[in-house]
Structure formats: structure tokens, C-alpha cells
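Visitor: One predicted model, sequence on top.
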Amino acid sequence: MRALHIITGLGTGGAEQQLRLLLRQLPVDSEVVTLTDPGAVATGLRSDGIPVTHLGMTGNRDLTALPRLTGIIRRGRYDLVHTHLYRACVYGRIAARLAGVRAVVATEHSLGEAEIEGRPLTRPVRALYLATERLGTTTVAVSGTAAHRLRAWGVPAARVETIPNGIEAHRFRFAAVARAGTRARLGLPHDAFVVGGVGRLVPGKRFDVLLRAVAALPGAWLLLVGEGPQRAALTRLAWQLGVQSRVLMPGVSGDEGPAAAGHDGQAAAGHKGPVPGLPGLLAAMDAFASPSGEETFGVSVLEALAAGLPVRHVTCPAIDELPAAEAPGARRVDAGTAQLTAELRGLRAAGAQRLPVPAAVGRYDIGRTAERLMAVYTRLTGAAARPGSPSGHLAASAERPAPPRTGRLPEVSR
């Protein structure tokens with residue numbers, strides 16, 4: 001089977017990283033086209049041996065991209081086209097149909113109640129999405145919450161497949177040596193209370209709320225891992241609050257390994273050599289917070305739980321859709337600063353301690369996500385998985401009937 005994945009950009013973000021994880025698992029000959037921004041994840045994909053083509057799209061209305069994309073699909077003779085993120089879904093579905101590909105899958109990574117990928121959900125945005133959705137064959141929702149929103153929009157339930165995101169939980173297993181090493185490299189005091197956050201530095205993530213909450217805790221540090229357009233605004237806020245000396249904002253690479261950058265864009269205070277990847281950074285934290293008011297899944301929360309961290313979040317469908325007993329270390333808070341501050345103060349008073357990895361983490365293994373997606377691919381195309389794939393168990397599982405279409409996460413493990 002040959003598949004082409006089309007994505008809006010390949011800078012570091014949740015959808016982009018999820019694509020890379022999936023392509024490591026799927027027993028399919030895969031290639032990737034990025035409409036814009038062949039960033040850190042593009043570099044990582046190429047290092048994995050995945051061909052990446054940059055289409056060079058100049059904006060949302062660059063219609064010259066459509067014939068170029070159609071030509072790529074036609075020449076590639078793909079069995080299936082899989083699109084990711086709003087702009088890629090719009091252009092990719094049209095191009096796939098023009099090129100004669102009938103098996104067209106789209107994954108909905110970022111559909112909120114009022115926004116999609118930070119773009120306001122205006123009537124024209126919704127109309128264009130629905131018009132092009134009809135050109136595809138299946139839309140994958142990464143959570144029951146996303147599936148519900150798609151059906152409420154008017155996407156037929158029969159076209160919606162709920163396949164949750166996945167993580168490589170073993171990568172985040174806590175190690176005391178990683179904690180000590182990371183703190184030493186970043187210049188974090190060994191006994192400091194460190195609160196962490198991970199995600200794109202964009203307004204919708206509401207990291208300003210987290211920054212204010214940490215600023216209200218004398219002596220507490222904030223380790224904010226990510227890149228994005230709000231970096232400068234968050235830097236200014238840290239200075240205004242007088243906590244710039246205890247706020248670190250390392251960027252990330254395609255391997256989720258941060259560039260050695262601190263709150264001012266220079267080397268982090270006390271930095272000694274390359275900053276570790278995300279597992280090491282999570283090991284250095286004592287608590288994790290996700291103040292975002294809208295999430296489609298919540299990968300960063302799962303990764304923090306896999307690292308044994310107590311988590312406070314405003315919304316996280318991956319956890320909120322499960323019984324509370326499956327993630328006892330995660331607790332919902334309201335959207336304001338006051339409750340988050342109080343929760344973090346309580347965690348500091350209780351003392352830094354690692355929690356057992358909860359059952360919820362085991363539900364979201366990236367291998368199981370790939371199995372379920374492979375079943376969809378096989379059902380739509382009838383094509384076989386790549387011969388001799390090291391993930392042969394995926395090819396076998398793809399021959400099983402696809403799981404029932406439902407907006408709820410099934411109770412069986414996945």
C-alpha cells in the first residue's frame with residue numbers, strides 16, 4: 001500500500017508530532033507533503049527515511065498550490081491520501097479527487113467549540129470545511145469530544161471514525177538520574193518546586209494564566225516547553241511580574257528535544273550543554289498544568305501522567321472521557337488563575353513525589369492507534385500492508401473488521 005500524507009505545516013506541534021509517531025508504526029509506504037513550514041518535524045521525518053515535499057504555499061488563498069498538489073498525487077499513484085489540519089484537508093481532499101484517488105482520509109486534530117487551529121469558526125470556515133469533507137471517505141476524530149463536534153456540525157455519523165491519539169509511554173518513564181541531570185543542565189536548583197507546561201505558545205493555550213499562577217508562588221519555577229508566536233508576549237509578562245529569573249522557555253526540535261534557549265531567547269540560565277528532550281524535561285518537573293480551555297485530545301497531559309506527574313488541567317478529552325479512577329493524579333480546575341494557584345500551592349506543600357503511571361496512559365498506546373488506523377486504510381482500499389514490514393502484527397490486525405463507529409471511546413484497551 002502507498003499512502004500520501006498532506007499536512008499544513010511541519011513545525012513542532014501536537015498534530016505534527018503525532019503524524020511522525022504514526023508513520024514509524026504504520027506498515028505502509030508513506031510520503032509526506034507539507035503545504036508550508038518544513039520545520040523541525042520535517043527534519044525528523046527525513047531522518048526516519050520518510051520523503052517530505054514542501055509545496056511552498058504562500059497563504060490560504062494560494063490557488064496555484066492546487067494543481068501542483070494534484071500533480072504530485074497523480075504522479076505518485078497512491079492508494080490512499082490522508083490529510084491533517086484545516087488547510088491541508090481543504091486543498092488535499094480536492095486535489096485527491098482531481099487526481100482520481102477515491103480513498104481519502106482526514107484526521108481532525110484541532111476542532112474546538114469556537115476555533116479550529118486558532119482560526120475563528122466563522123460561517124464561511126465551517127461551510128468550506130463541510131463542502132470539502134464530502135469529497136473524502138472517512139474523517140477520523142481523535143476523541144469522543146471531537147466526534148461529537150463533527151456530528152453536530154453536520155458530518156454524517158457513518159463517515160466519522162473515532163481513533164484516539166497515542167503516545168510512546170515508555171519514553172516518559174521517570175528516572176531520578178534524568179531529573180538530576182536535566183536540572184543541572186538548565187540551572188534549576190535541585191530542591192526547587194518546578195511547575196511545567198508543554199505546548200504551542202499560542203493564545204489559545206492560555207500559558208499566561210499558568211505564568212501568573214506560578215508567579216504567585218514565591219520561589220517556584222516555571223518550565224514552559226514549546227515554540228510559537230506568543231513567546232515574546234510571555235517573555236514580557238514574566239518581566240512585568242518580576243519572575244523572569246525563574247521562568248525557562250526552551251524551544252523544541254523534531255525529536256521533542258528543546259533548543260538550548262531560555263526566557264530571553266539566549267542560553268538558559270546556568271545551561272550546561274544541550275538541553276534534554278521532552279522526557280528529561282518532564283523528569284525535572286514536580287507538577288504539570290494545562291490551562292487551555294479547548295482541547296481536542298490532550299497529548300501533553302498523557303505524557304505528563306506517563307512521567308508520574310500530578311496534573312491540573314482545565315480540559316483534556318483524553319482524560320475527561322474516562323472514569324476518574326483511571327487517572328487519579330489528574331484533576332480538573334476552572335479557567336481562572338486563583339484555583340490553579342491554590343492547587344499548585346497544595347502540591348508544593350505536599351512535597352514533590354512521583355505517582356504511579358495510571359491506567360489511562362495504557363489506553364493510548366501509539367501502536368494500538370496505528371492498528372486501528374491501518375484497519376481503516378485496508379477497509380477503504382483493499383490493499384495489503386507493506387511486505388516484510390517490521391510491524392507485521394499491524395498488517396495482520398488490519399484484516400480484522402474495523403471497530404464500530406462511535407463517538408465514545410470503547411472500553412477495551414487500544
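Guide: All right, it came through fine.
Visitor: Spit out the contact partners of Leu340.
Guide: Each residue near Leu340 by CB atoms under 8 Å, 6 or more residues apart in numbering is listed here: Val209, Leu210, Ala213, Ala289, Pro291, Arg312, Val333. Yep, even glycine has a C-beta here, placed from its N, CA and C like the rest.
Visitor: one more time with 6 Å
Guide: By CB atoms under 6 Å, 6 or more residues apart in numbering, Leu340 lies in contact with Ala213, Val333.
Visitor: One more: Ala99?
Guide: Ala99 touches Thr70, Ile73, Arg74, counting by CB under 6 Å, 6+ apart.
Visitor: thinking the first one is in contact with Leu98, fair?
Guide: Yes: under the criterion of CB atoms under 6 Å, Thr70 is in contact with Leu98, at a separation of 4.6 Å.
Visitor: From the neighbour counts alone, determine which of the two ranks first.
Guide: Comparing Thr70 with Leu98 by other CB atoms under 10 Å, the one with more neighbours is Thr70, at 20 against 16.
Visitor: Quick check: that one is in a helix.
Guide: Yes: looking at Thr70 with DSSP: H, G, I helix; E, B strand; the rest coil, it is inside a helix.
Visitor: Kindly state the pLDDT recorded for it?
Guide: Note for Thr70: predicted pLDDT of 98.
Visitor: quick one: it and Leu21, what's the gap?
Guide: 28 Å (CB to CB, to the nearest Å).
Visitor: again with Leu305
Guide: Taking CB to CB, one finds Leu305 at 17 Å from Leu21.
Visitor: Comparing those two, which residue is more hemmed in?
Guide: Taking other CB under 10 Å, Leu305 and Leu21 do not tie; Leu305 has more neighbours (31 against 18).
Visitor: what's in contact with the helix or strand encompassing that one?
Guide: According to DSSP states H and E, Leu305 maps onto helix 299-306. Helix 299-306 has contacts (CB under 6 Å, 6+ apart) with 14, 165, 167, 169, 172, 198-199, 288, 290, 311, 313, 316, 318, 357-358, 361, 364.
Visitor: In the protein, which helix is the longest?
Guide: Counting residues, the longest helix in the chain under DSSP state H turns out to be helix 366-381.
Visitor: Show me what counts as buried in it.
Guide: 366-381 (16 or more other CB atoms under 10 Å).
Visitor: do the same with stretch 173-182
Guide: Here stretch 173-182 shows Phe174, Ala178, Arg179, Gly181, Thr182 as buried, counting by 16+ other CB under 10 Å.
Visitor: Also stretch 74-83?
Guide: For stretch 74-83, by 16+ other CB under 10 Å, it's Gly76, Tyr78, Asp79, Leu80, Val81, His82, Thr83.
Visitor: Stretch 26-39 now?
Guide: Quick answer for stretch 26-39 (16+ other CB under 10 Å): 26-39.
Visitor: Which member of the residues you listed is positioned nearest Val243?
Guide: Val243 lies nearest to Gly39 out of the buried residues of stretch 26-39, by CB to CB, at 29.4 Å.
Visitor: Please name the nearest non-neighbouring residue to the closest one.
Guide: With sequence-adjacent residues excluded and distances taken as CB to CB, 6 or more residues apart in numbering, Gly39 is closest to Gly11, at 3.6 Å.
Visitor: Nothing else from me, thank you.
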